[in-house]
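# can't give you the sequence, but here's the structure:
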């Protein structure tokens, strides 16, 4: 399969474009860019720096990927951005490359980044994530698989967001978001388990429903019994946990480490 380049596109001859790639009008592709098969690059897209993407990505008009990080510590080190397969990057999204030598900003596969969202340097995204319009993701943020981030909000640097978490629009996210929970507010608070996400993922029915029941038990002890978080986690460690509850407990334990932001508290 051949590539299709619009005559107004500016593609450096050192860039590597696989078969089936289509590049739209006035797009600019730099010399260190590597584009996998069947990707579509829309009009006025800018791909610069060490950008590598897999198969079947769709980059909509005005998106800018791989430009220098918005970080005063950046001194020109050779850093990059890596995208997996099947991502949809909508209009005017910006994804900055990492700050330090040989580091990466990394986006997994099957993600949707809606218009005007921003990924800062060294951000790490998993798979199947939805980030709504005008979300600002600061540097070093980590977002796990199938999280859903509502629109018009900011995520503080170094925050971790867990698997299947749902963050309500216009929230202020300055601390870690536990997996499987719904978080919302200004300041944000853990409101409930993400039951719809759990059902859609199939986790609610896994192991005859035992995964969900164990997760509910853990959530109730952590957020509804009025215990200090460390004490609640210690009580949960007294008995074996199924996989989902183990992930929740392990996430919160890691979030309490001195170098982390700490978890968002529950609502009273």
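That came in fine, so what should we check first? All values derive from a computational prediction rather than experimental measurement.

# any idea of the pLDDT on the closest residue to residue 227 other than its chain neighbours?
By the measure of Cβ to Cβ, 6 or more residues apart in numbering, the closest residue to residue 227 outside its immediate chain neighbours is residue 221, 7.0 Å from it. Bear in mind the C-beta positions are built from the backbone N, C-alpha and C, glycine included. At residue 221, the model reports a pLDDT of 97.

# repeat that for residue 268.
Note for residue 268: predicted pLDDT of 74.

# who touches stretch 252-260?
The contact list for stretch 252-260 (Cβ atoms under 8 Å, 6 or more residues apart in numbering) reads 158, 160, 175-176, 178, 222, 229-230, 233, 261-263.

# residue 90 and residue 62 touch, don't they?
No. Checked against Cβ atoms under 8 Å, the pair residue 90 and residue 62 is beyond contact range at 9.2 Å.

# more neighbours: the two, which one.
Neighbour count, other Cβ atoms under 10 Å: between residue 90 and residue 62, residue 90 has more, with 20 against 17.

# how close does that one get to residue 129?
Distance of residue 90 to residue 129, computed by Cβ to Cβ, to the nearest Å: 13 Å.

# could you pull out the helices for this structure?
195-201, 210-223, 229-236, 243-255 (DSSP state H).

# so which elements touch the first one?
It stands for helix 195-201. On a contact count with 3 or more Cβ pairs under 8 Å, 6 or more residues apart in numbering; DSSP states H and E, helix 195-201 meets no helix or strand.

# going forward, begin numbering at 197 instead of 1
Okay, using 197 as the starting number, the last item reads as helix 391-397.

# residues in contact with that helix: which ones?
Against helix 391-397 from outside (Cβ under 8 Å, 6+ apart): 342, 344, 360, 362, 376, 400-401, 408, 411.

# returning to what we had before: save the helices of the chain as TSV, and put in distance to residue 250 too.
Compiled in TSV, the helices of the chain are given as follows (distance: least, Cβ to Cβ, whole Å):
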stretch	distance to residue 250
helix 391-397	23
helix 406-419	31
helix 425-432	38
helix 439-451	26
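
# closest to residue 264 out of those?
Comparing the helices of the chain against residue 264 with Cβ to Cβ, the closest turns out to be helix 439-451 (30.6 Å).

# could you list the buried residues of the closest one?
440-445, 447-449, 451 (16 or more other Cβ atoms under 10 Å).

# check contacts around the nearest residue to residue 198 once chain neighbours are set aside.
Leaving aside its chain neighbours, residue 198 sits nearest to residue 215 (6.5 Å; criterion: Cβ to Cβ, 6+ apart). Applying Cβ under 8 Å, 6+ apart to residue 215 gives the contacts 197-199, 233-234.

# sorry, back to before: what is in contact with residue 286 and residue 258 at once?
Going by Cβ under 8 Å, 6+ apart, no residue sits against residue 286 while also sitting against residue 258.

# picking that back up, now the contacts of stretch 448-456: which count as buried?
Buried among the contacts of stretch 448-456 by 16+ other Cβ under 10 Å: 354, 356, 371-372, 374, 418, 425, 429, 457, 459.

# those: which two are farthest apart?
354 and 418 (22.2 Å).

# got CSV for the contacts of residue 215, with neighbour count, pLDDT and distance to residue 223 too?
Listed next are the contacts of residue 215 as CSV, based on neighbours: other Cβ atoms under 10 Å; pLDDT from 0 to 100; distance: Cβ to Cβ, whole Å:
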residue, neighbour count, pLDDT, distance to residue 223
197, 9, 75, 19
198, 8, 91, 17
199, 16, 96, 12
233, 16, 98, 17
234, 18, 98, 16
